[in-house]
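In: here's my sequence, what's the structure:
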Amino acid sequence: MAAQAATHFEGGRSSGRRIEELNARLFAEQQRLRRGATLEVFFPKRIDNSRLVKAPDTVRIREMRIYAAALTVMLTLVMIYGLQHFSSIEMGYRVEAEKQQVESLREQNRQLRLAEAQLSQPRRIDAMAREMGLVELQPNQVVRVTDHTALQDSGAPTLAQIAPASSGANGVGAVR
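Out: Coordinates of the predicted model:
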């Protein structure tokens, strides 16, 4: 308990003071262990360097500037390489995204062509026409323009006219 109290109180002292006490204790032990009585004397010497001025080392300054310039050039080259590398990776991602988009559009185009083929089937169109009440054309309902000699003789344009058909089953007129 006493040792614990001693360390507790030592903790309050400054570290410089503790080091001095430790050095003094070690020095006393060394003197005790030595053979013979040798006297060691220490003289404190106070040195005042406040008036000294360090001379600039021009060679060292020049070397440091060259080193800094070389390091700057090297880091610039590394940064340019990194920029190119990462931009090429980004470009690769863009190309892959565009390829996926093109493939998606091709698939969508294929689906639309299939839907167009299904919707333009003659059977389907015929079935829908019959549901709407439309009937097939009768042979006498179609009149070709080349059948009328009057239209061939005159080169002037004419308007289409509806004339009552004499032989029409449904009363549909022929186009002249």
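In: center of the chain, which residue is that?
Out: For the chain, the residue nearest the mean C-alpha position is residue 90 (6.2 Å; C-alpha atoms, centre = their mean).
In: in which helix or strand does that residue reside?
Out: helix 58-119 (DSSP states H and E).
In: after that helix, next one along is what?
Out: That would be, after helix 58-119 and using DSSP H and E, helix 122-131.
In: residues touching that next one, excluding its own?
Out: residue 118 (C-beta atoms under 8 Å, 6 or more residues apart in numbering). C-beta here means a position set from N, CA and C on the backbone, and glycine is covered the same way.
In: list the buried residues for it?
Out: Going by neighbour count (16 or more other C-beta atoms under 10 Å), nothing in helix 122-131 comes out as buried.
In: quick revisit: distance of the residue nearest to the centre of the chain relative to residue 97?
Out: In this view, residue 90 and residue 97 are 11 Å apart by C-beta to C-beta, to the nearest Å.
In: low-confidence stretches in this structure?
Out: Applying pLDDT under 70 to the chain flags residues 1-13, 34-40, 143, 145-159, 165-176.
In: and if we set it to 80?
Out: 1-14, 31-43, 139-176 (pLDDT under 80).
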